[in-house]
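Peer 1: 3D, please:
(one chain, ligands or ions: 1)
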Amino acid sequence: MEPAFTSQQTYLDEFGAEDYYKTYYVSEGGILHGEWTEFVLRNLHETFTTGGVRGDTLLDFGAGPTIYHLLSACEAFDKIITSDFLEQNLDALQKWLKKDPKAFDWTDIIKYVCELEGNGETCEKKAETLRRKVKEVLKCDALKRNPFDPIVLQPADCLLTCLCLEAPCEDIKSFCNVLKNFKDLIKPGGHLLILSVLDATFYYVGKKYFSSMTTRKEELEAAFKEAGYEIEKAVYAPRIDNSRLDLADYKGYYYIHARKPK
Ligand SMILES: C[S@@+](CC[C@H](N)C(=O)[O-])C[C@H]1O[C@@H](n2cnc3c(N)ncnc32)[C@H](O)[C@@H]1O
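Peer 2: Predicted coordinates for the structure are as follows:
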């Protein structure tokens, strides 16, 4: 029997921000630290430099307690709005923004992005740039028609989301519906960047089980087209390190760069 899909209530009650950081991003042993972060950071570095994606506002959707995916974006946008569904994650984001001593440590990952950018910037300066560019930290819910309800946001130049939609969406139909609703959050001609994992069914946060929508490569691009986007770029990569399949069973990674038509 397939385990039940994780409810919003379970997220509210059981998703631990610190457990998530420690399981996935801590420098030594975080299972997403390495293959996944390199996949994301290399692709986003390219997108925000040679790829020419830049502008006034970037809207970051479902950040969790993390900031790694914003480190290149902060050089290409004047203003970043970040968001998540859970108070505990918003609290972790605020702690990092305010340099709270209890904030999670992203130094190694910041160093990696500075090396990719290759302009001799220090970790401290990069972190300061990102802190300065993040203007708002908002609550969002992917399953609402307006995910920021009751706030109505001005459409952004770019919407970025990493590893998020497989949490609230039960199937590709629901995923496609979220993509349709995202169109109101993006300017005509604006960008939608989604990076996540393929063929997953679950992941653990500490000792807690969370289900994952199983995103299949064959269905993914069709969902973007059905939702009314033009695909600029699609990148797929297999998972190489399978040593912790017991913690999370994804088989690969994807990056879709799509555009809302003008
Ligand atoms: C696997 S974590 C990903 C966190 C982070 N983006 C990353 O790259 O590591 C899944 C995220 O989905 C968020 N989430 C769960 N339900 C959601 C919903 N209904 N709307 C928006 N985000 C949701 C959770 O709060 C959590 O931060």
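
Peer 1: close to the ligand: what parts of the chain are there?
Peer 2: Neighbours of the ligand within the chain, by Cβ under 6 Å from any ligand atom: 8, 11, 15, 62-64, 66, 84-86, 89, 140-143, 162-164, 167-168. Quick note: C-beta positions are derived from backbone N, CA and C, even for glycine.

Peer 1: rerun at 8 Å
Peer 2: 8, 11, 15, 20, 24-25, 32, 40, 61-66, 68-69, 83-86, 89, 140-143, 147, 161-168, 203, 205, 210, 212 (Cβ under 8 Å from any ligand atom).

Peer 1: out of those, list just those in strands.
Peer 2: 83-84, 161-162, 203, 205, 210 (DSSP state E).

Peer 1: make CSV out of these and add distance to R244.
Peer 2: Formatted as CSV, those follow (distance: Cβ to Cβ, whole Å):
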residue, distance to R244
S83, 28
D84, 24
T161, 24
C162, 19
Y203, 10
V205, 13
F210, 15
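
Peer 1: and of the residues you listed, the nearest to C114?
Peer 2: Nearest to C114 among these, counting by Cβ to Cβ, is C162 at 19.6 Å.

Peer 1: please give me every residue in contact with that closest one.
Peer 2: 40, 62-63, 66, 69, 194-196 (Cβ atoms under 8 Å, 6 or more residues apart in numbering).

Peer 1: by neighbours, which of the ones in strands among the residues of the chain next to the ligand wins?
Peer 2: Counting neighbours by other Cβ atoms under 10 Å, D84 leads those with 26 neighbours.

Peer 1: give me the buried entries from the residues of the chain next to the ligand.
Peer 2: 11, 15, 20, 24-25, 32, 40, 61-66, 68-69, 83-86, 89, 140-142, 147, 161-168, 203, 205, 210, 212 (16 or more other Cβ atoms under 10 Å).

Peer 1: could you check the pLDDT of the residue of the stretch 1-150 of the chain found nearest the ligand?
Peer 2: Residue of the stretch 1-150 of the chain nearest the ligand, by Cβ to the nearest ligand atom: G64 (2.6 Å). We have a pLDDT of 98 for G64.

Peer 1: which phi and psi does it have?
Peer 2: When read as degrees, to the nearest 10, the backbone of G64 gives phi 60, psi -150.

Peer 1: hang on, it packs against Y20?
Peer 2: Yes: judged on Cβ atoms under 8 Å, G64 makes contact with Y20 at a distance of 6.2 Å.

Peer 1: could you pull out the helices for the stretch 151-262 of the chain?
Peer 2: For the stretch 151-262 of the chain, helices defined by DSSP state H, counting those that start in this stretch occupy the ranges 172-182, 217-226.

Peer 1: who's in contact with the shortest one?
Peer 2: Counting contacts by Cβ under 8 Å, 6+ apart, the residues outside helix 217-226 that touch it are 172, 175-176, 179, 192, 198, 231, 234, 236, 252, 254, 256, 258.

Peer 1: mark which of those are buried, thanks.
Peer 2: 172, 175-176, 179, 192, 198, 252, 254, 256, 258.

Peer 1: what is the nearest of these to the ligand?
Peer 2: Among these, and counting by Cβ to the nearest ligand atom, the member closest to the ligand is F175, at 12.0 Å.

Peer 1: show me what contacts that closest one?
Peer 2: 165, 169, 213, 215, 223.

Peer 1: highest neighbour count among the residues you listed?
Peer 2: Result: T215 is most packed of those (other Cβ under 10 Å), 23 neighbours.

Peer 1: how much space between that one and L44?
Peer 2: 19 Å (Cβ to Cβ, to the nearest Å).

Peer 1: before we move on, the earlier item: rebuild the contacts of helix 217-226 as a markdown table, extending it with pLDDT.
Peer 2: Output for the contacts of helix 217-226, formatted as a markdown table (pLDDT from 0 to 100):
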| residue | pLDDT |
| --- | --- |
| I172 | 98 |
| F175 | 98 |
| C176 | 98 |
| L179 | 98 |
| L192 | 98 |
| L198 | 98 |
| I231 | 98 |
| A234 | 98 |
| Y236 | 98 |
| G252 | 98 |
| Y254 | 98 |
| I256 | 98 |
| A258 | 98 |
